[in-house]
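Chemist: The following block contains a protein sequence and its predicted model.
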Amino acid sequence: MRSRLLAPSNRSTRLPQRRIRGAAVVTALLIVMLATTVVSTLFVRENTMIRSVENRQSLAQSHWIERAALDWAKVILRADARSGVTDHLGEPWAVPVADTQLDETVTPGAKIGDGTRSAMLAGQMTDAQSRLNLTGLVQAGQTLQPQLDALRRLFELLGIAPALADSVASRVRSGQRLRVDGVLQPAALPPLLRLADLASLPGFDPLMVERLEPFAIVLPRATPVNVNTAPAEVMAAMIPDLGLSGARRFVAQRERTFFRNLGDASALLNDQPVLSPTQMGVASNFFLVRGMVRFGRVESLSETLLERSPDRVEIIWQQRY
């Protein structure tokens, strides 16, 4: 009887063993889960770092392609300067570059991963002097009335209050340095550099500036409008009494030819007005280059202002988007 009471029960000995095995299984599962989480985190971080390096490499490569495209644009402009003294829309610089796939001779064999898209390039060069240059509104601290009237007419054509043209002229004047008793005085405000700077003027907003952008520009110095490239709105603004319909007829006729001098252009206008060589011309020195470069996951958009002189072509400014 006593031995029966003291003998251990099989049930009582199996229960702790089951608990131990269960705890061991749970512990093993927790360790596996923790290890999986750590490894997954490491893989995510590594993948993020790899993509970051790839994106930086793609961005650097796209900038090199962009630089090569600008060098090509400079060559085109220098060659055009040697071919004649006029600039018109039938010349090679005016031909847009559609989406063009670049091979490995352009990208020096650079390839980032098996899924990398081929490098693509697209762009277009436009005549910056086809637009009304706001810098020409003021000369030696004085507002030029013909230029101001032209800007007022342009504003009216675009649905912008013509009175705002006076605010633009005042802003241009405030950004110019003047000589007083032979001493160059500092400007009241920083110079107007980009058309987008007009958005800070009272009465202007970004939408108005966007509407004005195809027809106006800010260049480093006063320049005439090129009658070979100017749109109808600019022609109507520059020539009093021409009107938008007359300007459109002029542009339509211009598509069949180009003008070697202002006399040829005047012959196509009603009443054959005398065109001032200080306000209008047939040649240009400033050009805008807009381009898109896509390499890998990076797409770079840029706009560059080039100035062509007799011996070289220089970058005035460049902006990337």
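Modeler: Yep, that arrived.
Chemist: Residue 122 and residue 99 touch, don't they?
Modeler: Yes - with contact defined as CB atoms under 8 Å, residue 122 reaches residue 99; the gap is 4.8 Å. Every residue, glycine included, has its C-beta placed from N, CA and C.
Chemist: okay, these two: which has more neighbours?
Modeler: residue 122 (16 against 10; other CB atoms under 10 Å).
Chemist: Report how far apart the opening and closing residues of stretch 303-313 are.
Modeler: 16 Å (CA to CA, to the nearest Å).
Chemist: How far away from the center of its chain is it?
Modeler: Centroid separation for stretch 303-313 versus its chain: 17 Å, with CA atoms, centre = their mean, to the nearest Å.
Chemist: Just the buried residues of that stretch, please?
Modeler: Burial within stretch 303-313, assessed by neighbour count using 16 or more other CB atoms under 10 Å, is assigned to 304, 305, 306, 307, 308, 313.
Chemist: Could you provide those in TSV, with additional columns for secondary structure and pLDDT?
Modeler: Below are those laid out as TSV (DSSP: H, G, I helix; E, B strand; the rest coil; pLDDT from 0 to 100):
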residue	secondary structure	pLDDT
304	strand	96
305	strand	97
306	strand	97
307	strand	97
308	strand	97
313	strand	95
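Chemist: Can you list the low-confidence ranges for the protein?
Modeler: Applying pLDDT under 70 to the chain picks out residues 1-15, 18, 42-44, 46-59, 103-118.
Chemist: what about the strands in this structure?
Modeler: Secondary structure of the chain (DSSP state E): strands located at 97-101, 120-127, 132-133, 138-139, 142-143, 179-180, 183-184, 216-217, 225-226, 280-281, 286-295, 298-308, 313-320.
Chemist: who does the fifth one pair up with?
Modeler: Right, the one you point to is strand 142-143. strand 138-139 (antiparallel) (DSSP bridges).
Chemist: what's in contact with the partner strand?
Modeler: Here strand 138-139 makes contact (CB atoms under 8 Å, 6 or more residues apart in numbering) with 144, 169, 172, 173, 176, 222.
Chemist: Isn't the fourth one up against residue 148?
Modeler: The reference is to residue 173. No - taking contacts as CB under 8 Å, residue 173 lies outside contact range of residue 148: 11.0 Å.
Chemist: what do these two both touch?
Modeler: Joint contacts of residue 173 and residue 148 (CB under 8 Å, 6+ apart) are residue 137.
Chemist: buried ones in stretch 67-80?
Modeler: 69, 70, 73, 74, 76, 77, 80.
Chemist: And for stretch 232-252?
Modeler: For stretch 232-252, using 16+ other CB under 10 Å, the buried residues are 232-239, 242-243, 246-251.
Chemist: and that stretch, how far apart are its ends?
Modeler: So stretch 232-252: terminal residues 9 Å apart, CA to CA.
Chemist: before we move on, the earlier item: could you dump the strands of the chain into TSV with distance to residue 62 added?
Modeler: Formatted as TSV, these follow (distance: least, CB to CB, whole Å):
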stretch	distance to residue 62
strand 97-101	14
strand 120-127	9
strand 132-133	31
strand 138-139	39
strand 142-143	43
strand 179-180	45
strand 183-184	42
strand 216-217	26
strand 225-226	32
strand 280-281	36
strand 286-295	4
strand 298-308	5
strand 313-320	10
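Chemist: out of these, nearest to residue 33?
Modeler: strand 298-308 (37.7 Å; CB to CB).
Chemist: helices and strands around the closest one, which ones?
Modeler: Strand 298-308 sits against helix 10-83, strand 286-295, strand 313-320, with contacts defined as 3 or more CB pairs under 8 Å, 6 or more residues apart in numbering; DSSP states H and E.
Chemist: and the angle from the shortest one to strand 298-308?
Modeler: Between strand 313-320 and strand 298-308, the angle comes out at 150 degrees (axes from the mean of the first three to the mean of the last three CA atoms, to 10 degrees).
Chemist: same question, the second one
Modeler: Orientation check (the same axes, to 10 degrees): strand 286-295 against strand 298-308 gives 160 degrees.
Chemist: Can you give me every residue that contacts residue 241?
Modeler: So residue 241 contacts residue 271 (CB under 8 Å, 6+ apart).
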